[in-house]
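Trainee: Pasting the sequence and the predicted coordinates here, then a few questions.
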Amino acid sequence: MREFTQVLADRLIDLGWMMATAESCTGGLIAAQCTDLPGSSRWFDRGLVTYSNSAKSELLGVDASLIEVHGAVSEPVARAMALGSVYRTNARASVSVTGIAGPDGGTVAKPVGTVWFGWCIDGLIYSECQLFSGTRQQVRQASCAHALVGLSQRLPVKT
């Protein structure tokens, strides 16, 4: 995973941008992966672990009605988390993750391994849902990798 992070770091440095994370089910793994690289302060602004619904609202400005209507693990919440993390930091790019890592907590509609991602790139928001299999740790690791690769792929190319 270090190679994904290095590619992302190089892209952000080239753009002169900072990034932020808004994490729920990954519990800070994405931020930890980023800050494992020496010199990450050049491109990583901060990571927000917003595990509870109230943290999503208080720290990221996610409207509580979005959570009530759609659930914390949903596209609208992932998008609001990504946008909120950019608006509340010095970042121009962010990634958000909200999901069900297991081993319990899943439903028929949202089984264990369901993870919603949001990316905010210079004000544009993208989202995607993935269904990962495996243990809790495997779901969290797969989510971390997907989040970093997804952010890197969505960054503009400096001209």
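Mentor: Structure's in. What do you need? Residues are numbered from 1 along each chain as shown.

Trainee: from here on, contacts and neighbour counts on C-alpha atoms
Mentor: Noted.

Trainee: Wasn't residue 95 part of a helix?
Mentor: No: per DSSP: H, G, I helix; E, B strand; the rest coil, residue 95 lies outside any helix segment and is strand.

Trainee: I'd like to know how many residues surround residue 102.
Mentor: Residues lying near residue 102 (other Cα atoms under 10 Å) number 19.

Trainee: go on, residue 91?
Mentor: Residue 91 has 21 nearby residues by other Cα under 10 Å.

Trainee: That one and residue 108, how far apart?
Mentor: Going from residue 91 to residue 108 by Cα to Cα, to the nearest Å gives 36 Å.

Trainee: what's the answer for residue 67, then?
Mentor: Counting by Cα to Cα, the gap from residue 67 to residue 108 is 18 Å.

Trainee: more neighbours, these two?
Mentor: residue 67 (18 against 6).

Trainee: Relative to residue 30, how far out is the more buried one?
Mentor: Distance from residue 67 to residue 30, by Cα to Cα: 23 Å.

Trainee: in this structure, which spans are helices?
Mentor: For the chain, the helices defined by DSSP state H occupy 2-15, 29-35, 53-60, 64-70, 75-87, 136-154.

Trainee: what sits up against the second one?
Mentor: Looking back up the chat, that one is helix 29-35. 2, 5, 21, 23, 40-41, 44, 46-47, 140-141, 144, 147-148 (Cα atoms under 8 Å, 6 or more residues apart in numbering).

Trainee: Thank you, goodbye.
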